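> Turn this into a model:
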Amino acid sequence: MKPTAKFIVLHPSVHKSGSVGGPIFPSHRAWLAVLAVFIFTFAFIIITTREPDTISGKTAVAGKPKSQLPKPVFDALLHYASANVTSSDHMSADEVKAVAAVLRGCNPPCNFLVFGLTHETLLWNSLNHNGRTVFIDESSYLVSKLEEKHPFIEAFDVQFTTKVSELYDLIEHYKQEISKECRPVQNLLFSDCKLAINDLPNHVYDVPWDVILIDGPRGYFAAAPGRMAAIYTAGVLARSKRVGASGETHVFVHEIEREVERICSEEFLCKHHLVETKDRLGHFVVGKREGNLNRFEFCPTTSDSSSLSPN
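So this is what the prediction gives:
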């Protein structure tokens, strides 16, 4: 008699794993490992593809700064790499180096006031990285376009009421008002001197400017506003610094060979404050007025100039 065939049915246990014939699904520990890898990968992708911070220009990756140019520097390099200009549109290399050398020497970074929006605007803002740079220009349109393209730049427009053709009348007015409205030490915000720029935001007058560059407004034809007011205002700002501020202000005047720039620099910045000339750029160092604030002259007379320091 043949033996009866028997069937053996194996029931896999859901409580065992890791052996032949075990479950095809991973254990809870395996699931946790897979989930951890997924979270790490997702976080890494998000962090490494994040847009750079618009202020610092750096992105944090695993707690460390990513090597990346600050945005102002990046924009400046892009601008100059793609610009197509002639030699009359920008400063010479020696002129740029003269300003850059002073900016580099500021510690902490400079308070830098610039009259005129020019080919070098982005460069000045980048060279004074982490400092405060403010631009003043006659064109509200150019200021608006600059702020639209580079919102991190601080710029203001001014409506100049002067003309190049009025140079000598304005010099005469200043001499008559030197002990009143056109004093060398005063709060320009409240000045009625025809040469004073008094319609900037209030906080601009409170900043102790370390460097002032005058490369605007336009001054190459009779009806242009000229730079009389800018040079006068720079002279007053340098002499009127608040107590505790650095005593010296570096004032650069571009195209100093022109009549307006030369005469006004001699009147308000003074020949004995001129430290160097690079091509068409004059470099003055003017100190704040201390002691007798009732001295109303901007520059010493010939007889006593030898006894005064550049400050």
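
> CA only for contacts and neighbour counts going forward, please
Fine.

> Leu269 and Gly282 touch, don't they?
No. Applying CA atoms under 8 Å, one finds Leu269 not in contact with Gly282, separated by 10.4 Å.

> Next up, the contacts around Ala76.
Taking CA atoms under 8 Å, 6 or more residues apart in numbering as the criterion, Ala76 is in contact with Leu122, Leu123, Ser126.

> Which single one of these is nearest to Lys278?
Leu123 (18.4 Å; CA to CA).

> what pLDDT does that closest one get?
With respect to pLDDT, Leu123 scores 92.

> Make 7 the first number, not 1, from now on.
New numbering, starting at 7: the last item is Leu129.

> ok, how many other residues are close to it?
20 (other CA atoms under 10 Å).

> Tell me which of the contacts of Ala82 fall in helices.
Leu128, Leu129, Ser132 (DSSP state H).

> any idea where the strands of the stretch 157-306 of the chain begin and end?
Taking DSSP state E, counting those that start in this stretch to define them, one finds strands in the stretch 157-306 of the chain at 160-163, 217-220, 254-260, 280-284, 287-293.

> hang on, the earlier thing: okay if I get the contacts of Ala82 as JSON lines plus distance to Val281?
JSON lines is the format used below for those (distance: CA to CA, whole Å):
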{"residue": "Leu128", "distance to Val281": "26"}
{"residue": "Leu129", "distance to Val281": "24"}
{"residue": "Ser132", "distance to Val281": "25"}
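
> Flag every buried residue along the strand or helix carrying Leu83.
Assigned by DSSP states H and E, Leu83 falls within helix 77-88. Residues Lys77, Pro78, Val79, Asp81, Ala82 are the ones in helix 77-88 that count as buried (16 or more other CA atoms under 10 Å).

> Tell me the pLDDT of the nearest residue to the third one once chain neighbours are set aside.
If you skip the residues right next to it in sequence, Val79 has Ser132 as its closest partner in space, 5.1 Å away by CA to CA, 6 or more residues apart in numbering. The per-residue pLDDT reported for Ser132 equals 91.

> Next: Ala82.
Value for Ala82, per-residue pLDDT: 79.

> Same check on the one 5 residues further on?
Ala87 is assigned a pLDDT of 65 by the prediction.

> same question, Phe166
96.

> cool, Ser197 as well?
Value listed for Ser197 in the pLDDT field: 95.

> so who does it touch?
Per CA under 8 Å, 6+ apart, neighbours of Ser197: Glu187, Cys188, Asn204.
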